[in-house]
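[1] no sequence on hand, only this structure:
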């Protein structure tokens, strides 16, 4: 019953990832609930949802500090934490945290999201990715990409997150492959390899000097015209669209100034999606600077560490 | 019971538009069935569908020639007519027509679609739009846009359709406003005016010198960040996305070489969608050269006229 442990929550819209850490930062346990995201929590019963996920840890260790980042800190979440404005580093993010006390007496800290007031045409926002970026590390000036439903391109400069921009690539992929006429994709057989040749073919086109590669509204139609011309097989459409969209994201990020050939960029996340981004990066002259396994947990630790050292000052 | 009339069908996926013409080309009657498109015709019962639409004309006038263009000539249609390759003019399109005899003895002619073998990354195709372009007129070298679910940009040169490219703008609009998280739109109140200020704001951004305007995968997220920042109202989202996508289509068509500031382009169609394209055109330094009211009917007449004059040679 001592505070020798702490829990870190990466609590997003669709999933809840919880990590139990020892006082010296070792991972003692992990819980990941695919249906634990805030969209599945009914009537604001977040504390009950938390206990369902990590109550066993409290039973074992008694009250201990919990820190959370992600959409749980949004208006649709548990405690809405105002965005911190970019440029922001550890100090600014730590200063934006909010605290509550759970029914069992434990303190729970909610970390802020980040807002880029200079983004065009409107200020851009993220919740959770800023913490992953902190986990990746702010020491070197670098461009990072965080692949996802709403990918983020971010720039680290002088130890802070200087600016970022959202790309809705993952959502457009889902819309096209699930709901569209031009690129509705068959579900791949379970366990089958991606159709890398179709992925690469599309990515190489989107990275090419062809003027039509600047016209994504047109090139997405190639999923359909590829089928009609016999160049694509129906079961390849999903990966073809994936390659086309991810490489188009790089192309557009280049046009918007986020990347320059010859740079080393960071790709945060170890998902299958990150593998696809890593496959496209060389087409744009980029090398990859790997990050840590679990950037979100590391980021929460660093921000909480900063918070504690500030409180002790 | 004489062949003093002819019927022209613009028979697409979702609708059937039929026009009855006198021998001297005057419009005698029109039928438009919103649910008459080929997707609603079950079990290949196209002749029954045709009779349901224009049987009354046959009862009045006896057998008369019928000519059709659009998706009715596709693999999913009544008679599949092979595509004619661009560049193609009246002669090539007329030579590609196919004929059948209906049960009542009338001759029905199916006009071919057009294929652009030089399009990248795969050959592009249209069925019906080529006939509308002929109806617009091939006399002057000009760029044309045909707004729609799958918009077409086409180039007329030396009396023929030289090249074209499909933009899936209308379909992306439907996906975003019906199915997406970032831009799902409320149905506007019946009869309400479009939110032109939101449309214009988005179109002006997409036409601007901002580097982020080249990044459509990102700028679509502005429908969401605009709401979050209070710059957009929920009921404006649909028209905001419309302005953003249509102006992005122009921007991408410019990058792909289809338009140049200072030109006069044609916009084919008199739909509400064409009004939106006409509103965006000046942002790209373009003026509009209007076309005829019913380009499809006029196009069929011209191709059939060419066919008949060729047969008489």
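    Received, thanks. As the structure is a computational prediction, the values presented were derived from the model and not from experiment. Numbering: from 1, shown residues only, chains lettered A, B, ... in the order given.
[2] which ones are touching residue A:195?
    By Cβ atoms under 8 Å, 6 or more residues apart in numbering or on different chains, residue A:195 lies in contact with A:188, A:235, A:236, A:238, A:239, A:240. To be clear about C-beta, it is placed using only N, CA and C from the backbone, and glycine gets the same treatment.
[3] do that again at 10 Å, thanks
    Counting by Cβ atoms under 10 Å, 6 or more residues apart in numbering or on different chains, residue A:195 touches A:188, A:201, A:232, A:233, A:235, A:236, A:237, A:238, A:239, A:240, A:242, A:243.
[4] what about residue A:222, neighbour count?
    Burial of residue A:222 is recorded as 30 neighbouring residues (other Cβ atoms under 10 Å in any protein chain shown).
[5] now it: phi and psi?
    phi -70, psi -20 (degrees, to the nearest 10).
[6] among the contacts of residue A:195, name the ones in strands.
    Using DSSP state E, no member of the contacts of residue A:195 falls within strands.
[7] derive a ChimeraX selection command for the buried subset of those.
    Applying 16 or more other Cβ atoms under 10 Å in any protein chain shown to those, the buried members can be selected in ChimeraX as follows:
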select /A:201,232,236,237,238,239,240,242,243
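[8] ok, which of the contacts of residue A:195 also contact chain B?
    Within the set of those, contact with chain B (Cβ under 10 Å from any Cβ of the partner chain) is found for A:201, A:232, A:240.
[9] about what we covered before: among the contacts of residue A:195, which pair sits farthest apart?
    Largest separation among these by Cβ to Cβ: A:188 and A:201, giving 16.9 Å.
[10] same list (the ones next to chain B among the contacts of residue A:195) but as a markdown table, adding distance to residue B:192 and pLDDT.
    Shown next, in a markdown table, are these (distance: Cβ to Cβ, whole Å; pLDDT from 0 to 100):
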| residue | distance to residue B:192 | pLDDT |
| --- | --- | --- |
| A:201 | 45 | 98 |
| A:232 | 42 | 95 |
| A:240 | 40 | 97 |
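[11] so of the contacts of residue A:195, which ones are in helices?
    Taking DSSP state H, the ones among these that sit in helices are A:201, A:237, A:238, A:239, A:240, A:242, A:243.
[12] so the fifth one touches residue A:223, yeah?
    Yes - with contact defined as Cβ atoms under 10 Å, residue A:240 counts as touching residue A:223 (5.8 Å).
[13] list residues touching both of those two?
    With Cβ under 10 Å, 6+ apart, residue A:240 and residue A:223 have common neighbours A:177, A:183, A:185, A:198, A:202, A:232.
[14] who touches the residue lying closest to the fourth one once chain neighbours are set aside in this structure?
    The spatially closest residue to residue A:198, leaving aside those adjacent along the chain, is residue A:236, at 3.7 Å (Cβ to Cβ, 6 or more residues apart in numbering or on different chains). With contact taken as Cβ under 10 Å, 6+ apart, residue A:236 is in contact with A:185-186, A:188, A:194-199, A:201-202, A:223, A:226-227, A:243.
[15] and residue A:75, by the same measure?
    residue B:228.
[16] got a pLDDT number for it?
    Per-residue confidence (pLDDT) for residue A:75: 89.
[17] quick check: it vs residue B:311, distance?
    As for residue A:75, its distance to residue B:311 is 70 Å (criterion: Cβ to Cβ, to the nearest Å).
[18] what of residue A:273?
    For residue A:273 relative to residue B:311 (Cβ to Cβ), the value is 59 Å.
[19] higher neighbour count, these two?
    Neighbour count, other Cβ under 10 Å: between residue A:273 and residue B:311, residue A:273 has more, with 20 against 8.
[20] which SS class is that one?
    helix (DSSP: H, G, I helix; E, B strand; the rest coil).
[21] what about the strands in the stretch 201-313 of chain A?
    Assigned by DSSP state E, counting those that start in this stretch, the strands in the stretch 201-313 of chain A fall at A:264-267, A:287-288.
[22] and the stretch 1-150 of chain A, which residues reach chain B?
    Going by Cβ under 10 Å from any Cβ, the residues of the stretch 1-150 of chain A near chain B are A:13, A:74-75, A:83, A:115-117, A:119-125, A:149-150.
[23] rewinding a little: out of the ones in helices among the contacts of residue A:195, which is nearest to chain B?
    residue A:201 (7.8 Å; Cβ to the nearest Cβ).
[24] from residue A:247, how far off is that closest one?
    10 Å.
[25] distance of residue A:198 relative to residue A:192?
    13 Å.
[26] which of the two has more neighbours?
    In this view residue A:198 and residue A:192 are compared by other Cβ under 10 Å, and residue A:198 has more residues nearby, 24 against 9.
[27] let me know the pLDDT of the more buried one.
    97.
[28] wait, a helix at it?
    Yes - counting by three-state DSSP, residue A:198 is found in a helix.
[29] ok, it - contacts?
    A:223, A:226, A:231-233, A:235-244.
[30] how about residue A:125?
    A:74, A:83, A:113-116, A:119, A:150, A:152, A:164, A:166, B:221, B:224-225, B:228-229.
[31] before we move on, what about residue A:159?
    Going by Cβ under 10 Å, 6+ apart, residue A:159 touches A:87, A:89, A:90, A:91, A:137, A:138, A:139, A:140, A:141.
[32] nearest to chain B, of those?
    residue A:87 (18.0 Å).
[33] so that closest one makes contact with residue A:157?
    Yes - the criterion here is Cβ under 10 Å, and residue A:87 meets it with residue A:157 at 7.2 Å.
[34] low pLDDT regions in the stretch 1-150 of chain A?
    A:1-3 (pLDDT under 70).
[35] please enumerate the helices of it.
    A:46-61, A:90-95, A:129-136 (DSSP state H, counting those that start in this stretch).
[36] figure out which of these is closest to residue A:277.
    Here helix A:129-136 is closest among the helices of the stretch 1-150 of chain A (Cβ to Cβ), at 14.2 Å.
[37] now do the closest one: distance to the chain's middle.
    Distance, stretch centre to chain centre, for helix A:129-136: 9 Å (Cα atoms, centre = their mean, to the nearest Å).
[38] how many neighbours does residue A:270 have?
    14.
[39] check residue A:134 too.
    28.
[40] circling back to that earlier point, quick one: which of residue A:87 and residue A:157 has more around it?
    Between residue A:87 and residue A:157, counted using other Cβ under 10 Å, the more crowded position is residue A:87 (18 against 14).
[41] measure residue A:61 to chain B for me?
    Note on residue A:61: its distance to chain B, by Cβ to the nearest Cβ, to the nearest Å, is 37 Å.
[42] go ahead and confirm that residue touches residue A:5.
    Yes - using Cβ under 10 Å, residue A:61 is in contact with residue A:5, at 5.1 Å.
[43] now for those two: what residues contact both?
    Contacts common to residue A:61 and residue A:5, judged by Cβ under 10 Å, 6+ apart, are A:20, A:28.
[44] quick one on the thing from earlier: which of the contacts of residue A:159 count as buried?
    Taking 16+ other Cβ under 10 Å as the criterion, what is buried in the contacts of residue A:159 is A:87, A:89, A:90, A:137, A:138.
[45] buried ones in the strand or helix carrying residue A:174?
    Secondary structure assignment for residue A:174, by DSSP states H and E: helix A:169-179. Within helix A:169-179, the residues that count as buried by 16+ other Cβ under 10 Å are A:169, A:170, A:171, A:172, A:173, A:174, A:175, A:176, A:177.
[46] please name every helix or strand in contact with that helix.
    Using 3 or more Cβ pairs under 10 Å, 6 or more residues apart in numbering or on different chains; DSSP states H and E, the elements in contact with helix A:169-179 are strand A:151-157, helix A:237-255, helix A:272-280, helix B:169-179, helix B:216-219.
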